[in-house]
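Asker: Predicted model follows, preceded by the sequence.
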Amino acid sequence: MDFAGRLFQGAVLLSLVSVSLALPATLTGREDINKAIAGTPPDREDINEARRLAGLTSNPRVKAVLTEWAALHAPIEPHLIDIRRITFPVTRAGKVVSFKSSYMGNVRIGVDEFKVIYDTGSGHIVVPSVGCTSETCMTHQRYNASASHTGEYVDMRGDVKEGGEDVQKDRLTIGYGTGQVVGELFRDEVCILGQSQVCVDTRGVMAVEMSPVPFQELKVDGIVGLGLPPLTVHKSFSFFETLLESKLVSVPHFSFFLTDGDDGQASELALGGHNPLRLLHPDEPLNWAPVVEKGKMGHWMVQVSGVYVGGQKMDMCGEASPCRGIVDSGSSHLGIPGSHYDMIDELLTASAGDLLDCRLARTPEVSIEIGGFNLTLSPKNYMRQLPIREDVEVGTQSALSEEDAGNNATVDGHRPGTQMQEEEEGVVANTSVVPRRCSPRLLPVRVGPPMGPNLFMLGEPLLKQYYTVFDWSGPSVGFGLSVSSALEPEQGPAGLGKLPDNMDVYLMQQRLTKKVGDDEEEVYMLQVVVAVTVRRTTPRLAV
């Protein structure tokens, strides 16, 4: 019998002994489980196996024994998950019109492996279903519940629905700013793949319908939502909540380290704590900001008390018009309240001149005051890397439609989600053809009360400068300068910067027939509707 089998068998035997003694499993003698398992001293893989089994078993006493055994031999260290930044060109009529980017990791659900985004702006795990045969779904890896021996259909409360494939399946509809998914609800083993693998039995949504925009173009298969439980249809669908309840993490924190990877470092998600090696000053305490209304709206939303550009305080975020900011790992932009967008965009936009890299532009710093401390961004953080032709417009489509801005955009208490992925860079053209400008990665956000109207989206520009820790128990968000904040863009031989590798071909464009920002050039995963269709089998009447 392998180690997992001996471990599980020993835990079952010990839990039965505890029942016969009418004692909790954790009080039957910590050394007895080693005798029951009759194995050599455990190593890290053995301990992780015990935690994995504890997450899968439904027997509370066996779960307690396995958890106690693992805790006896080693405290739970944070699970470190590598995530990587991918950038890819978007073409229209055979021409490159923009570049999109996202941070991607890998998960296994049942027997299928997926590329996913870890998104603090949404609540559910969402992957395409093998039952979806549209062109959109066929471009991605699809989840096959029937092929998984651990997969089951569940209802909106996360309870198993008996009947296998023939069961009447509940459906969840999630409406986004530029698209929609309709999915069926499932339970299965989900394994986050990284430097240390962590597996847990949790719930998710398998999409049976996916709108072409934006899902057909995405280079990832799905989403792992890390928003707070109010963003989910039921807390059993919250991935991190399930990790905590299964005692697979000992600290109710997860943390993001984002970097371009220019120095060879990979971006990283830490589950169950944080990695001090990713902090520029690991001995200094983090700056913490409480989440507004204790997270009742589901978002990692903090109070913003002031905004400064070049040291000058902007006329916004006063007592009469307070501001808030959503800390969003799924956004590649810095979102600005719609009524102030034009002013701040103008202050941060500059002529590119001969620059090849706009992160070297001499534009002012931006400071966002949160909880009595400032988060400061320089051009290297907020500028689009590539200059943009003056005859090209980068998209300024709002994060929510005007219709959404006029109401609260809620269904059954669920608030709008945040974007998953957007346009990353503009188009570079031959400098002899038309002047170019350096443009910031800003997004106008127009949201009505209670979150708006003065709502910021604190996305990738901020998360690359600051290592960010999300405290589930507060809830609150902690910030500390990241080691990547010390990195500077490459100056190049003339101090004008350097083009990304393999980018020369794009410099040959002479003109552009379609403007960046028209219809599908920008992608926003904005959760504006969550609705559940409950399906029940009608009992037959006796004849």
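Answerer: Ah, there it is. Numbers count the residues shown, from 1 in each chain.

Asker: then stretch 220-237 to PDB, C-alphas only?
Answerer: Coordinates of each C-alpha in stretch 220-237 appear next as PDB, following Å, rounded to 0.1, in the frame of the first residue of the first chain:
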ATOM      1  CA  VAL A 220      -6.500  31.800 -21.000                       C
ATOM      2  CA  ASP A 221      -9.200  29.200 -20.500                       C
ATOM      3  CA  GLY A 222     -10.800  30.400 -17.400                       C
ATOM      4  CA  ILE A 223     -10.800  32.300 -14.100                       C
ATOM      5  CA  VAL A 224     -10.100  31.500 -10.500                       C
ATOM      6  CA  GLY A 225     -12.000  34.200  -8.500                       C
ATOM      7  CA  LEU A 226     -10.400  35.500  -5.300                       C
ATOM      8  CA  GLY A 227     -13.100  38.100  -4.500                       C
ATOM      9  CA  LEU A 228     -14.800  37.900  -1.100                       C
ATOM     10  CA  PRO A 229     -17.700  35.500  -0.600                       C
ATOM     11  CA  PRO A 230     -20.500  38.000  -1.300                       C
ATOM     12  CA  LEU A 231     -19.400  37.900  -5.000                       C
ATOM     13  CA  THR A 232     -20.400  34.200  -5.200                       C
ATOM     14  CA  VAL A 233     -23.800  32.600  -5.400                       C
ATOM     15  CA  HIS A 234     -22.900  30.700  -2.200                       C
ATOM     16  CA  LYS A 235     -19.800  30.800   0.000                       C
ATOM     17  CA  SER A 236     -19.100  27.100  -0.800                       C
ATOM     18  CA  PHE A 237     -18.100  28.400  -4.300                       C
END
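
Asker: Where does the prediction get shaky in the stretch 301-450 of the chain?
Answerer: Along the stretch 301-450 of the chain, segments meeting pLDDT under 70 span 391-434.

Asker: now the helices for it?
Answerer: Ranges of helices in the stretch 301-450 of the chain, per DSSP state H, counting those that start in this stretch, are 338-348, 379-382, 402-405.

Asker: between those, which one is nearest to Gly497?
Answerer: helix 379-382 (10.6 Å; C-beta to C-beta). For glycine as for every other residue, the C-beta is placed from the backbone atoms N, C-alpha and C.

Asker: Helices of the protein, residue ranges please.
Answerer: Remark: helices assigned in the chain by DSSP state H are 3-20, 32-37, 44-56, 60-73, 135-138, 212-215, 239-245, 338-348, 379-382, 402-405, 460-463.

Asker: Least reliable of these by average pLDDT, please.
Answerer: Per-stretch mean pLDDT for the helices of the chain is lowest at helix 402-405 (a mean of 38).

Asker: on that earlier part again, can you tell me which of the helices of the stretch 301-450 of the chain is most buried?
Answerer: helix 379-382 (a mean of 22; mean count of other C-beta atoms under 10 Å).

Asker: Show me what it is packed against.
Answerer: The contact analysis (3 or more C-beta pairs under 8 Å, 6 or more residues apart in numbering; DSSP states H and E) places helix 379-382 against helix 460-463.

Asker: go again using 10 Å as the cut-off
Answerer: In terms of contacts (3 or more C-beta pairs under 10 Å, 6 or more residues apart in numbering; DSSP states H and E), helix 379-382 is packed against strand 366-370, helix 460-463.

Asker: Out of those, which is closest to Gln180?
Answerer: helix 460-463 (24.6 Å).

Asker: Keeping just the C-alphas, turn the closest one into PDB.
Answerer: Only the C-alpha atoms of helix 460-463 are listed here, as PDB (Å, rounded to 0.1, in the frame of the first residue of the first chain):
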ATOM      1  CA  GLU A 460      -1.500  46.200 -12.600                       C
ATOM      2  CA  PRO A 461       0.300  49.600 -12.600                       C
ATOM      3  CA  LEU A 462      -0.100  49.600  -8.800                       C
ATOM      4  CA  LEU A 463       0.400  45.900  -8.100                       C
END
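
Asker: Now do that helix: everything it contacts.
Answerer: 85, 101-103, 120, 256-260, 267, 325, 327-334, 366, 368, 375-378, 380-383, 422, 424, 440-442, 456, 468, 479, 482, 484 (C-beta atoms under 10 Å, 6 or more residues apart in numbering).

Asker: mind redoing it with 6 Å?
Answerer: 256, 258, 332, 334, 377, 381-382 (C-beta atoms under 6 Å, 6 or more residues apart in numbering).

Asker: For ChimeraX, write the select line for the buried members of those.
Answerer: Here is the ChimeraX command that selects the buried residues among those (16 or more other C-beta atoms under 10 Å):
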select :256,258,332,334,377,381,382
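
Asker: Give me the subset of the contacts of helix 460-463 lying in strands.
Answerer: Per DSSP state E, strands hold the following members of the contacts of helix 460-463: 256, 334, 377.

Asker: So the first one sits against Ser329, correct?
Answerer: Yes: between Phe256 and Ser329 there is a contact at 5.4 Å, judged by C-beta atoms under 6 Å.

Asker: sorry, back to before: any chance of the helices of the stretch 301-450 of the chain in TSV with distance to Thr136 as columns?
Answerer: TSV is the format used below for those (distance: least, C-beta to C-beta, whole Å):
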stretch	distance to Thr136
helix 338-348	30
helix 379-382	32
helix 402-405	23
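
Asker: So which of those helices is nearest Tyr143?
Answerer: Of those, nearest to Tyr143 by C-beta to C-beta is helix 402-405, at 30.0 Å.

Asker: picking up where we left off before, adding distance to His234, write the helices and strands packed on helix 379-382 out as JSON lines.
Answerer: Output for the helices and strands packed on helix 379-382, formatted as JSON lines (distance: least, C-beta to C-beta, whole Å):
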{"stretch": "strand 366-370", "distance to His234": "31"}
{"stretch": "helix 460-463", "distance to His234": "29"}
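
Asker: just the ones you listed: most buried one?
Answerer: Highest mean neighbour count of the helices and strands packed on helix 379-382: helix 460-463, a mean of 25 (counted as mean count of other C-beta under 10 Å).

Asker: how does this protein divide up, domain by domain?
Answerer: According to automatic domain parsing, the chain comprises the domains 3-73, 80-247, 282-506.

Asker: List just the one of those domains that sits closest to Asn275.
Answerer: domain 80-247 (6.2 Å).

Asker: Give me the distance between the two termini of the closest one.
Answerer: For domain 80-247, the first and last residues are 16 Å from each other (C-alpha to C-alpha, to the nearest Å).

Asker: now stretch 320-331
Answerer: Terminal-residue distance, stretch 320-331 (C-alpha to C-alpha): 28 Å.

Asker: buried stuff in it?
Answerer: So, applying 16+ other C-beta under 10 Å, buried residues of stretch 320-331: 323-331.

Asker: ok, and what's touching it?
Answerer: 117, 119-121, 256, 292, 299-302, 304, 317, 418-420, 454-459, 477.

Asker: Equivalent analysis for stretch 334-351, please.
Answerer: 309, 316, 361, 363, 382, 399, 437-440, 442-446, 454-457, 461.

Asker: redo that, cut-off 7 Å
Answerer: The list of residues contacting stretch 334-351 from outside it, by C-beta atoms under 7 Å, 6 or more residues apart in numbering, reads 309, 314, 316, 323, 361, 363-364, 382, 398-399, 435, 437-446, 453-457, 459, 461-462.

Asker: residues in contact with Leu286?
Answerer: 469, 478-480.

Asker: Which one, of the domains of the chain, ends up nearest to Leu271?
Answerer: Of all those, domain 80-247 comes closest under C-beta to C-beta, at 6.3 Å.

Asker: Please identify which of the domains of the chain is closest to Pro276.
Answerer: Of the domains of the chain, nearest to Pro276 by C-beta to C-beta is domain 282-506, at 3.9 Å.

Asker: Out of the helices of the stretch 301-450 of the chain, the one nearest Asp221 is which?
Answerer: helix 402-405 (27.0 Å).

Asker: Mind checking which of the buried residues of stretch 320-331 are in strands?
Answerer: Going by DSSP E, the strands hold 323-327 from the buried residues of stretch 320-331.

Asker: Format those as a markdown table; extra columns: distance to Glu245.
Answerer: Output for those, formatted as a markdown table (distance: C-beta to C-beta, whole Å):
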| residue | distance to Glu245 |
| --- | --- |
| Cys323 | 34 |
| Arg324 | 29 |
| Gly325 | 29 |
| Ile326 | 25 |
| Val327 | 24 |
